[in-house]
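1. predicted coordinates and the sequence they were generated for:
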Amino acid sequence: EVQLVESGGGLVQPGGSLRLSCAASGFTFSSYEMNWVRQAPGKGLEWISYIDNRGSSIYYADSVKGRFTISRDNAKNSLYLQMNSLRAEDTAVYYCARDLFGGSVYFDYWGQGTPVTVSS
Amino acid sequence: DIQMTQSPSSVSASVGDRVTITCRASQGISNWLAWYQQKPGKAPKRLIYAVSSLQTGVPSRFSGSGSGTDFTLTISSLQPEDFATYYCQQGNSFPLTFGGGTKVEIK
C-alpha cells in the first residue's frame, strides 16, 4: 500500500525556519517525481515545488522561490522541504504528493498533510 | 503562468442529479488537465488525469472532457459521498496551477 506521511510542521515566528519531511513507503520511491502542495486555511490548493526522481530537476512557485528548498534522499525514501524566511502567508497545511507516472505532473497519492502556522 | 478558472464556485444539487463543473485555462494546455476531489479535513483525492482518464477505483459516474482551454467534469448521478470540493489542475507547464475549486453542496 502506498503511504506518504508528512511531519515537521508546527508554530514558527515570522522570519523563522522549518523543515518538513515526507516518509514514503509501499512503492519504489526512487522511480517517482514528487511535489509539495499547500492549502491555506479556507483556501484552495497551491502547488509549490517539484523534484524529479533523481533530484536533478527542480521547480518552485514564485511565492516560495529563494526561500524554500526541496530535496530528497532516495536511500531513506524521504522527501524534504526546507522553509526559510517564513511569512504569515505561508501558514497552511502542507501536503507531499506523488506524480502519477514519470513526467506526468499529475498527483495520484497524497499524504495526510502537516500544518504550518507562522505567527508571533 | 497559466491561470485556471473554475465555474461555478459552488453548486447545490440533490442525490441523483447530473452535475457539471467547468474549468477554463488562460492559454491552451492540450490534454494536460486533472481533477481532484477534496472533503473537509482530508487530503485531495485523485479523480481524473489527461482530461478524461479515470484514476483506478474512481466510479464511472465521473467523467471528464474538453481540449485546449475548456474542460468539464461531469458527475452523471450524484451520490451522497460525492458532496465535496472539486479542483482542476493543469500540468502543461510549470508553475503547476489549480482552479479555485467548486463546492458541491446538498440541496
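-> Arrived safely.
2. check contacts around B:Val11.
-> Neighbouring residues of B:Val11 by C-beta atoms under 8 Å, 6 or more residues apart in numbering or on different chains: B:19, B:21, B:102-105. Backbone N, C-alpha and C define where each C-beta goes, glycine included.
3. what's the most distant pair in these?
-> Pairwise distances across these (C-beta to C-beta) peak at 12.7 Å, for the pair B:Ile21 and B:Glu105.
4. tell me where chain A has strands.
-> With DSSP state E as the criterion, chain A has strands at A:3-7, A:10-12, A:18-25, A:34-39, A:45-51, A:58-60, A:68-73, A:78-83, A:92-99, A:107-110, A:114-118.
5. got those as a markdown table, with distance to B:Ser10, mean neighbour count and mean pLDDT columns?
-> Output for these, formatted as a markdown table (distance: least, C-beta to C-beta, whole Å; neighbours: other C-beta atoms under 10 Å in any protein chain shown; pLDDT from 0 to 100):
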| stretch | distance to B:Ser10 | mean neighbour count | mean pLDDT |
| --- | --- | --- | --- |
| strand A:3-7 | 29 | 17 | 98 |
| strand A:10-12 | 32 | 14 | 98 |
| strand A:18-25 | 31 | 19 | 98 |
| strand A:34-39 | 17 | 24 | 98 |
| strand A:45-51 | 16 | 23 | 98 |
| strand A:58-60 | 31 | 17 | 97 |
| strand A:68-73 | 32 | 18 | 98 |
| strand A:78-83 | 31 | 22 | 98 |
| strand A:92-99 | 21 | 24 | 97 |
| strand A:107-110 | 23 | 22 | 95 |
| strand A:114-118 | 25 | 18 | 98 |
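6. could those strands go into TSV alongside distance to B:Leu73?
-> Output for those, formatted as TSV (distance: least, C-beta to C-beta, whole Å):
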stretch	distance to B:Leu73
strand A:3-7	25
strand A:10-12	36
strand A:18-25	28
strand A:34-39	19
strand A:45-51	15
strand A:58-60	26
strand A:68-73	29
strand A:78-83	29
strand A:92-99	19
strand A:107-110	16
strand A:114-118	28
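7. for B:Gly68, which of those strands is the nearest?
-> Nearest to B:Gly68, of all the strands of chain A, is strand A:45-51, at 21.5 Å by C-beta to C-beta.
8. please name the nearest non-neighbouring residue to the closest residue to chain B within chain A.
-> Closest contact between chain A and chain B, by C-beta to the nearest C-beta, is at A:Val105 (3.6 Å). Of all residues not flanking A:Val105 in the chain, B:Gly91 sits nearest, at 3.6 Å (C-beta to C-beta, 6 or more residues apart in numbering or on different chains).
9. residue nearest the centroid of the chain?
-> The chain I'm using is chain A. A:Trp36 (2.9 Å; C-alpha atoms, centre = their mean).
10. wrong one, chain B
-> The C-alpha lying nearest the average C-alpha coordinate of chain B belongs to B:Trp35 (C-alpha atoms, centre = their mean; 3.9 Å).
11. shouldn't that residue be within a strand?
-> Yes: under DSSP: H, G, I helix; E, B strand; the rest coil, B:Trp35 sits within a strand.
12. now it: how far from A:Ser56?
-> According to C-beta to C-beta, to the nearest Å, B:Trp35 and A:Ser56 sit 30 Å apart.
13. what's the answer for B:Ile21, then?
-> 37 Å.
14. which one of these two has more residues nearby?
-> Shown here are B:Ile21 and A:Ser56; by other C-beta atoms under 10 Å in any protein chain shown, B:Ile21 has more neighbours (22 against 7).
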